[in-house]
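1. build me a model:
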Amino acid sequence: MDGLIPLLKKEIKEQWKTYRFLVVISVFLLLGLTTPLTLKYLPELMKLSGVPMELSFPPPTAVQSLMGFAGDIGQVGVFVIVLIAMGSIANEVSRGTAVIILSKPVSRTAFVTAKLLALSLTTIVALSVASAVCFAYTVWLIQDTSATAFLGLTLLLALFMVFSIATTLLFSSLFRSSLAAGGAALGVIIGQAILSILPYAGDYMPGKLLGWGNELLTGGDAYWGALAVTLALTGLFIYLAQHALKTRDI
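-> As a prediction, this is how the structure comes out:
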């Protein structure tokens, strides 16, 4: 892949200059703090509010906190990732900067791969920080729990995020409009999430990785088929993205 390293350096600098890194890490960090703090202090805040209610809150558990964090990342976090990735290729094509870059001795494969790696790096760093904060506050405020299981959950979340980035880059290479690319990517991600609740076939959907992560906390089943399909689709979408740049008029 000719030109991968220079393109990767360029993409990483752009992540910082355009504040994408700060936006992602801020949102993820907020999600990491919100769940354990809410579970711990919401009952007390409800009592202090003085509103007469006959509600009893069971003591929160570490599993509730960590699963709540994973659910928030799987929804809000994915939405944020799609927003920052949807214009990665579409905007450069519409502005003409893609033509300038690709006229140099760089390959289209390197062009797309650099974007995938830079966006994945931003996401994984933000997710790692947020996960560490969530785990620390969960242990401190609620109860101790397995760090190994939560690490596995975080790795599965990271893989699902990379899949979401690859999906968005594919549509960003197909459409000149970033909004169209983002809408199509969200449609695919939501569609596979719906399919993941189906019996048998759902066990092979990328969204099942989130369920597998939760199962790690509770000692449930593993979904190796979903892992294999997610890796295959991620590679396929990146291949199709670079192939689209070769065949379309940019």
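2. where in the protein is the helix or strand with the lowest mean pLDDT?
-> Across the helices and strands of the chain, mean confidence by mean pLDDT, DSSP states H and E is lowest for helix 97-102: a mean of 79.
3. from the contact counts, what lies against whichever strand or helix holds F111?
-> Taking DSSP states H and E as the criterion, F111 maps to helix 108-141. The contact analysis (3 or more Cβ pairs under 8 Å, 6 or more residues apart in numbering; DSSP states H and E) places helix 108-141 against helix 4-17, helix 20-48, helix 62-72, helix 78-85, helix 97-102, helix 147-174, helix 224-247. Using the backbone N, CA and C atoms, a C-beta is placed for each residue, glycine as well.
4. tilt between that helix and helix 4-17?
-> 50 degrees (axes from the mean of the first three to the mean of the last three Cα atoms, to 10 degrees).
5. possible to save the helices and strands packed on helix 108-141 as TSV with distance to V139?
-> Shown next, in TSV, are the helices and strands packed on helix 108-141 (distance: least, Cβ to Cβ, whole Å):
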stretch	distance to V139
helix 4-17	31
helix 20-48	9
helix 62-72	7
helix 78-85	26
helix 97-102	46
helix 147-174	9
helix 224-247	28
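6. select from the ones you listed the stretch with the lowest mean pLDDT.
-> Among the helices and strands packed on helix 108-141, helix 97-102 carries the lowest mean pLDDT, at a mean of 79.
7. so what does that one touch, helix or strand wise?
-> Packed next to helix 97-102, using 3+ Cβ pairs under 8 Å, 6+ apart, are helix 108-141.
8. again, 10 Å this time
-> Packing contacts for helix 97-102, counted by 3 or more Cβ pairs under 10 Å, 6 or more residues apart in numbering; DSSP states H and E, involve helix 4-17, helix 90-95, helix 108-141, helix 224-247.
9. do you know which of these lies nearest L170?
-> Minimum separation from L170 across the helices and strands packed on helix 97-102 (Cβ to Cβ) falls at helix 224-247, 4.3 Å.
10. check the offset of stretch 130-149 from the chain's centre.
-> Here stretch 130-149 is found 20 Å from its chain centre; the criterion is Cα atoms, centre = their mean, to the nearest Å.
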